[in-house]
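Enquirer: my questions concern the predicted model and sequence given below.
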Amino acid sequence: MTAELTVLTLAALLQMAQMVLYSIAGNAQAGSRAAMGPRDEKIELTGVAGRLQRAMNNYFEGLILFGIAVMVVTLSGRSGALTEGCAHAYLAARTLYIPAYALGLAPWRSLIWAVGWFATLVMLLAALFGGAA
C-alpha cells in the first residue's frame, strides 16, 4: 500500500471520529428523541454542535477531492516524496481543522483549510504532469 493510500485510510477513520463527535454534540443539544425521529423538520444546531456539523460536512467535500487525488496518484504510479508529503500535510490540516472550527478560531480555521486544499491540488497536478519526486 502506498503512503497516500495509508493516509487516505487514516483520513476516513478521522471522518468517522468526526461523525461521532458531531453526533454526541448534536444529541446533547437536540435530544435523543429528535435524533431518533424521522427528521421531517430540519433541526438547527447552534454553537459548538452547529460548528461540528458544518466542519463534518466540509470534511466530506474535501475528502472526495483528496480521495480522487490519492487514486490518481496511485493508479498512475506517480507516488513519490512530493505526493506523500502532500498527503501527510492534508491529514494534519484536516485534523487541526476540526478543533479550529469547533472553537471558532478565525482566521486560523480558513488558513488550515487552505493547507489541505493546496496539498490536494499539488497531488493532482503532480499526477497529471509527472511531478512526483
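Expert: Sure thing, it's come through. Numbers count the residues shown, from 1 in each chain.

Enquirer: show me which positions of stretch 15-26 end up buried.
Expert: Across stretch 15-26, burial judged by 16 or more other Cβ atoms under 10 Å covers 18, 21-22, 25-26. (Each C-beta comes from the backbone N, C-alpha and C, glycine too.)

Enquirer: pull the CA atoms of the helix or strand bottoming out on mean pLDDT in the chain into CSV?
Expert: Least confident helix or strand of the chain, by mean pLDDT, DSSP states H and E, is helix 32-36 with a mean of 75. C-alpha atoms of helix 32-36 as CSV (Å, rounded to 0.1, in the frame of the first residue of the first chain):
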residue,chain,number,x,y,z
SER,A,32,-32.1,11.8,21.6
ARG,A,33,-35.8,11.9,20.6
ALA,A,34,-35.0,14.4,17.8
ALA,A,35,-32.0,12.3,16.7
MET,A,36,-34.1,9.1,16.5
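
Enquirer: coming back round to it: now for the buried residues of stretch 15-26: which two are most distant?
Expert: The span of the buried residues of stretch 15-26, defined through Cβ to Cβ, is set by 18 and 26 at 12.0 Å.

Enquirer: identify the contacts common to the two.
Expert: In terms of Cβ atoms under 8 Å, 6 or more residues apart in numbering, residue 18 and residue 26 are both contacted by the residues residue 52.

Enquirer: can you give me the distance of residue 4 to residue 94?
Expert: From residue 4 over to residue 94 the distance is 14 Å, taken as Cβ to Cβ, to the nearest Å.

Enquirer: thinking again about what came up before, helices or strands up against the next helix-or-strand element following the least confident helix or strand of the chain?
Expert: Toward the C-terminus, helix 32-36 is succeeded by helix 47-76 as the next helix or strand (DSSP states H and E). The contact analysis (3 or more Cβ pairs under 8 Å, 6 or more residues apart in numbering; DSSP states H and E) places helix 47-76 against helix 3-30, helix 81-102, helix 108-129.
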